[in-house]
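1. Sequence and predicted model, in that order:
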4 protein chains.
Amino acid sequence: MTNTQVSLIQLDNYGPWTTTPEPRREVDLQTLQSRLFADIAQLVGARDGYAFFGRFDNIVAVTNGLDRGEHERIQGSLGNRYPVTASVSIASGDTPAGALGIASRRLQDAGSAQDSGRREILSGDPLPDADRGPDDVQIAHFDVDDATGKYTDQLNEFDTFIQIEQGYAALMKHMREAHDSLSFFVGGDNVIAVCSAMDEAAYRDAIDHVRERVGVELKVGVGRARTAQSAGMTAKHELERCREDGTAVELGW
Amino acid sequence: MTNTQVSLIQLDNYGPWTTTPEPRREVDLQTLQSRLFADIAQLVGARDGYAFFGRFDNIVAVTNGLDRGEHERIQGSLGNRYPVTASVSIASGDTPAGALGIASRRLQDAGSAQDSGRREILSGDPLPDADRGPDDVQIAHFDVDDATGKYTDQLNEFDTFIQIEQGYAALMKHMREAHDSLSFFVGGDNVIAVCSAMDEAAYRDAIDHVRERVGVELKVGVGRARTAQSAGMTAKHELERCREDGTAVELGW
Amino acid sequence: MTNTQVSLIQLDNYGPWTTTPEPRREVDLQTLQSRLFADIAQLVGARDGYAFFGRFDNIVAVTNGLDRGEHERIQGSLGNRYPVTASVSIASGDTPAGALGIASRRLQDAGSAQDSGRREILSGDPLPDADRGPDDVQIAHFDVDDATGKYTDQLNEFDTFIQIEQGYAALMKHMREAHDSLSFFVGGDNVIAVCSAMDEAAYRDAIDHVRERVGVELKVGVGRARTAQSAGMTAKHELERCREDGTAVELGW
Amino acid sequence: MTNTQVSLIQLDNYGPWTTTPEPRREVDLQTLQSRLFADIAQLVGARDGYAFFGRFDNIVAVTNGLDRGEHERIQGSLGNRYPVTASVSIASGDTPAGALGIASRRLQDAGSAQDSGRREILSGDPLPDADRGPDDVQIAHFDVDDATGKYTDQLNEFDTFIQIEQGYAALMKHMREAHDSLSFFVGGDNVIAVCSAMDEAAYRDAIDHVRERVGVELKVGVGRARTAQSAGMTAKHELERCREDGTAVELGW
C-alpha cells in the first residue's frame, strides 16, 4: 500500500483576475504561470517533493515530508512575490487520486475557486511522522519509445506533439480509472505518474492499453521510497535500464 | 488567407543532456524548462509575438514582425543564460501547420534533435516587410464553458484536468486535420489556436466536434491582425463578449 | 555632446509595502527585487537599452530608442506579474545626470515615493527620432586591474568586497561631481558608467582620483553609439584591449 | 558569543566566461547574475538561511542549520540550471568575518577563482547539531532615517543613491574593522549586517561613526536566534519599533 500526501495549490480567483479590468497580455500570463510553477517546484523540491504544472492555476504536488509550516512558507512566499494568492489543501490516502479527492473537496467546501472572498486558505493535515514508511510514494516515469527517431526527426513538430498528447490523454485516463493514479506530462516525451501500489502486470497493461488505443509505444521505470524525489530518481534509473536492455517495464525493488 | 510566420525553437540534444552523466533532478528540469519558456515568451512578446510551451523542448512561436536579428538575439540570450542551447527555424505559409512543417523539415535536414554536433542552427527567413499584411495572423482563444462551476468546484481536481485534457486532445487533432491550425493548451481551461483563414462555420464545427467526441462544451473568440499579440488581444475581447452574451463564437471583424 | 535618454523606474510605495501588515521575509524581498530587476533588464535590453539595479526600488535605465509605447509595455508587464507597481519617468539631456535630474523631479512633482495614492505614473517624453544621432550614448566599462590576483585569490572575500566597494564609492562620487556621469556597480569588479562627452584625459583623471583616494587601480574601455547596448559592447571590447595591451584607457573612436 | 556558519558561493572561472569567446551582452549577464542570486536566496531561505548578493560572483550566505547535503543540493541545482558552476566553502566561527576568512582560504587553497580546472569544489564542514545554540546568529537591520523624505522625494535619484552608498561604504568598513561583522546593502536604504556579539553601545558607536564620517543618519534593529531568518525577522520588528518610537537602536533581547 502507498500512503501519498498530496497538496493541491489553487490560485485564488485567478480566472477573473486575468480579465479584470480587461484581458491581460497573454505573454505576461504565460510568464507569470510558468514562473510561479517553477517557484513551487523549487520550494516543494527543497524538501524532496514533486510538483506538476497540471493546469497551472491548479498545481498538484506530492509532499510527503513537508509539514504544515512548510506549506505556510510556500503560501506566504507566493503571496510576497506574485500579484495573485494561492489556497493550499493537504490530504493523504491509500491512493493518490483518493488523496487528491479529499484535498479538492476541502477547498470546494471553503468556497468557489472564483469566490473573491476566499483567499489563502490552508486546510488539511500533513501525515504525522509516525505514519510515514519507506515505501509510501510510488513514482512511475514513462517515456515514448524512440520518440526522436520515430517522430521528432521525421514529422511536422505539431504532428509529433499530437502523438505525444494522444498518448498522454489515453494514459492519464486509464491510470486514473483503473488505478487511482495521477499522470502528468512533464515535457518532451515524458510522463510522470504518482501511483497506487501497482505491480508489473498493471504497468504492462497500461502500456498495452495506450498502444492499442492510440498506437503510441511507451516504456516505464518505477521507484518506491519515502519521498517523491527519491522514488522519482529510482524511476529514472529504471527507465535508463529499459533503454539499455530494450525492456518495457523495470521496477526498482 | 493568413500568412503566419512560425518559429520552431528546439533545444539541442536535450534528452541526452537530462540523463548525462546520470539522471538530473526532476525539479531542476521542471524549473529549467518552465523558466526557459517564460524567457522565450517575454523575448518573443517584446516584439508582439506569441510563444507556446508545447513540449518545452520544442517551443512553437508565432513571430510575424520579428526579423532575423531578433531571432539571433533570442538564441544568443538563451545560450548566455542556460546550460543548454537552442536551434531556431523560421518559416511562413498560408497555414500555420504548413509553415511549421517547413520549419521542422529544415531543422531535420540540419541534423537530429539528438545529434551532439548540431548546435545553435538558425535557419529560414522571416517574412519581408513588403509581404506583410494587416490580417496575416488569425488567433482563436477557446475556453471551456463554465469550467469552474461544472468542474473545478465539483470534481476531484484530476478529473477536472482529465475533462480539460480530453477536450484539448480532441480539439488539437481536429484543428490540425481539418484546418491546418495549431492549438495549444495555455493553462486553466484555455486553448489558443493559431489558425488558417477559418470562418464562423468552421469554428462552430470545431466546437460541435469536441462536444460530440468528448462531451466538453467550448466557446471561442477570434481575432485577426498583423501580429499575434494584436490578433490574440482581439480574440480575448471577443471571448469576453461570448461570456456576456452567452454566445459560442464571436469573430472580431 | 551626448544626448542620453534616461528612464527612472520607481516602485510605488514599496517601503511601506515591505513592512505591511508586518515585515515580509527578507529572502522573498531579495528574490522579488532581483527578479524584477532582471525582467526590466531584459525588457529594456530587447530594445538595446541598459538597466542598472541601483537601489532596486529605484532602477535607472538608459533607453535611447525606446518610445512611450515600450515604456507602457514595461510598466504593464511589471503590474501583471508582481505584487507591486512601478512609476516611470523619462527624460533626456546633454548629460546623464541632468536627464536623471529632470526625470526625478517629474516623479517628485507627481507625489511622494511613499504616497499610496501615486501609482503607475508614466511621465516625460522619449527623444523624437529626428533628434537622435549616432553618438548619443557614451558608455564606459571599468574594472579593477587584476582583482582576482590581487584580491579574490588572496583576501577574506569581505575584504575584497570592501576594496571593490570603496573604489566604487569614490568613482561614483567623482564621476557625478566632475562629469555629471552615472556609474553603477554591476557585479564582480565591474562598474559601468553612463557618461557625458568625456575625453581620454577625463578618464585618466577619474582613474587617478580613485587610486589616490582609496588605492584601487582601475582601467576602462569606452564606446559611443546610438544605443546603450551598442556603446556598451564597444566599451567591453576596448576594455579587452586594455587587458591585452596593459593600457589603462581605451576609447573606441 | 555568536557562532555563525557562513557559506561562500563562488562562481567558477566566471570572469573569463563573461568575455569568451567574446564579451557577452551585458543585459544577459545582469539577468543571469540576479536570477542566480535569487535562486540561491530561495534555496538558502528554504532552510532559514540568508544570502547576500555581494559581488554576485561571490555570494555570502549565513547557513546555520544547513547541512552538507543541502549545500550539495544547492550546488547541483545551480549546475543543472545555469551555464556556469559554483564552488562552495563552509566555515563557522566566533565572528562572521572570521568564519568567512576560513571559508575564503579553503577555496583559495583549492585553486584560483579563475582556474578553469577548479570546478564545483565543496569544502568545509557545517556546524554539528550539538554545537548549535539559540543565539548563534546575530543580525542587525539598518536603514537610513527618513530616506524618502530627506532624499528620494527631494534629490536627483543618483544623488540619493550616492548618499546611501557613502553611508553603506562607511558602515561596512567600520563594522568589519571594529567588530568583524559583515554588512550588506540589500536595496532601498537598507543594510543588513551579520554581526559578532555586539552590544547596544557598539551599535550606537557605528551609527555615530557613519554620521560623522559621511553625514548619513542610520537607525538599527537587532535580533539574535538559532537561524538567520529568525534573527533577521526579530531585527525587522525591532527596526519597526525604532520607527514608531523615534529611537536609533533597538535590541530584541
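-> Good, I have the coordinates.

2. Buried ones in stretch A:238-253, by neighbour count?
-> A:Glu238, A:Leu239, A:Glu240, A:Cys242, A:Arg243, A:Ala248, A:Val249, A:Glu250, A:Leu251, A:Gly252 (16 or more other Cβ atoms under 10 Å in any protein chain shown). From N, CA and C alone the C-beta is placed, and that goes for glycine too.

3. Can you name the residues bridging to the residue nearest the centre of chain A?
-> Nearest to the geometric centre of chain A sits A:Phe52, at 3.7 Å (Cα atoms, centre = their mean). Legend: beta-bridge partners of A:Phe52 under DSSP bridges are A:Val60.

4. show me what contacts it?
-> Contacts for A:Phe52 (Cβ atoms under 8 Å, 6 or more residues apart in numbering or on different chains) come out as A:Ile59, A:Val60, A:Ala61, A:Leu182, A:Phe184, A:Val186, A:Ile192.

5. what about the third one, neighbour count?
-> A count of neighbours around A:Ala61, defined by other Cβ atoms under 10 Å in any protein chain shown, yields 26.

6. Closest one of the buried residues of stretch A:238-253 to chain D?
-> Of all the buried residues of stretch A:238-253, A:Glu240 has the smallest distance to chain D: 17.1 Å, by Cβ to the nearest Cβ.

7. wait, doesn't the closest one sit right on A:Gly221?
-> Yes. Between A:Glu240 and A:Gly221 there is a contact under Cβ atoms under 8 Å: 7.2 Å.

8. if we can go back for a sec, any chance of the contacts of A:Phe52 in CSV, plus pLDDT?
-> Shown next, in CSV, are the contacts of A:Phe52 (pLDDT from 0 to 100):
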residue, pLDDT
A:Ile59, 98
A:Val60, 98
A:Ala61, 98
A:Leu182, 98
A:Phe184, 98
A:Val186, 98
A:Ile192, 98
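
9. Of those residues, just the buried ones, PyMOL syntax please.
-> Buried members of those, defined by 16+ other Cβ under 10 Å, are picked up in PyMOL with:
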select buried, chain A and resi 59+60+61+182+184+186+192
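
10. Quick check: next helix or strand after the longest helix anywhere in chain A?
-> When chain A is parsed with DSSP state H, its longest helix is helix A:157-179. Next in sequence after helix A:157-179, counting helices and strands by DSSP states H and E, comes strand A:182-187.

11. Find the nearest non-adjacent residue to A:Val84, please.
-> When the adjacent residues along the chain are set aside, A:Val84 lies closest to A:Leu11, with 5.3 Å between them (Cβ to Cβ, 6 or more residues apart in numbering or on different chains).

12. Kindly report the same for A:Thr4.
-> Spatially, and ignoring its direct neighbours in sequence, A:Thr4 is nearest to A:Pro96 (4.6 Å; Cβ to Cβ, 6+ apart).

13. How many residues are close by the one you found?
-> A count of nearby residues for A:Pro96, using other Cβ under 10 Å, gives 30.

14. can you pull the pLDDT of it?
-> At A:Pro96, the model reports a pLDDT of 98.

15. Check A:Met1 too.
-> Looking at A:Met1, its pLDDT reads 87.

16. got it, and A:Gln30?
-> As summarised for this prediction, A:Gln30 has a pLDDT of 98.

17. A:Ser116 now?
-> 89.

18. what about the strands in the stretch 1-150 of chain A?
-> For the stretch 1-150 of chain A, applying DSSP state E, counting those that start in this stretch gives strands covering A:4-11, A:50-52, A:58-62, A:86-93, A:122-123, A:137-144.

19. Partner strands of the last one, with direction?
-> Strand A:137-144 pairs in its sheet with strand A:190-195 (antiparallel), strand A:218-225 (antiparallel), by DSSP bridges.

20. Comparing the ones you listed, which comes out most buried?
-> For the strands paired with strand A:137-144, the largest average neighbour count (mean count of other Cβ atoms under 10 Å in any protein chain shown) is found in strand A:190-195, namely a mean of 26.

21. Dump that one to PDB, keeping only the CA atoms.
-> Written as PDB, here are the backbone C-alpha positions of strand A:190-195 (Å, rounded to 0.1, in the frame of the first residue of the first chain):
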ATOM      1  CA  ASN A 190       7.900  12.200 -20.600                       C
ATOM      2  CA  VAL A 191       5.000  11.400 -18.300                       C
ATOM      3  CA  ILE A 192       5.400  11.000 -14.600                       C
ATOM      4  CA  ALA A 193       2.700   9.200 -12.700                       C
ATOM      5  CA  VAL A 194       2.100   9.200  -8.900                       C
ATOM      6  CA  CYS A 195       0.800   5.700  -8.400                       C
END
